[in-house]
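Visitor: Quick one, what's the 3D model for this:
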Amino acid sequence: MGEQPNGELDDGERGSGIRLAGWITAGSGALTLGGAVVTLHLAQDRHASLVADLQAERPTDVSTRSDEVQHYLTASSVLFVVGAAGVATGVTLVLLAPRDAAGPKVAVAAQPGQLTVSGTF
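Guide: I've put the predicted structure just below:
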């Protein structure tokens, strides 16, 4: 594992970076899903408040408050889609990242005047 004689990373090292990116992406997606839940709760709270005011026949600006509820619902929907996509992408990256092979590895590099053989066991 590590850097090969030609300066490239082996699959295990390359895979660990992809797995890290996957975990970060999935975590960001999960946080975005949390934002979707919060904005949905805010929309429900605003809607319940509007309905209570209407039932109590209190004066209120129905149009403005209804628009506010709709904006929260739209934001919640967008955050849900983006968050779900983030989680799905992150999980896919984690699952499909190259794994470290569980056996001995041998690398051979030939350069002018030099032959390098390295391995791990």
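
Visitor: which stretches of this protein form helices?
Guide: Ranges of helices within the chain are 11-55, 62-96, based on DSSP state H.

Visitor: what is the mean pLDDT for the first one?
Guide: Looking back up the chat, that one is helix 11-55. The average pLDDT within helix 11-55 is 91.

Visitor: Likewise for stretch 74-91?
Guide: 97.

Visitor: which phi and psi does P98 have?
Guide: Taking degrees, to the nearest 10, you get phi -60, psi 140 for the backbone angles of P98.

Visitor: what about it, neighbour count?
Guide: P98 has 15 neighbours, counted by other Cβ atoms under 10 Å. Heads up, the C-betas are built off the backbone N, CA and C, glycines and all.

Visitor: And T32, by the same measure?
Guide: For T32, the tally of surrounding residues (other Cβ under 10 Å) stands at 19.

Visitor: just to revisit the earlier point, of all the helices of the chain, which lies closest to P112?
Guide: Set against P112 and scored by Cβ to Cβ, these come closest in helix 11-55, at 26.8 Å.
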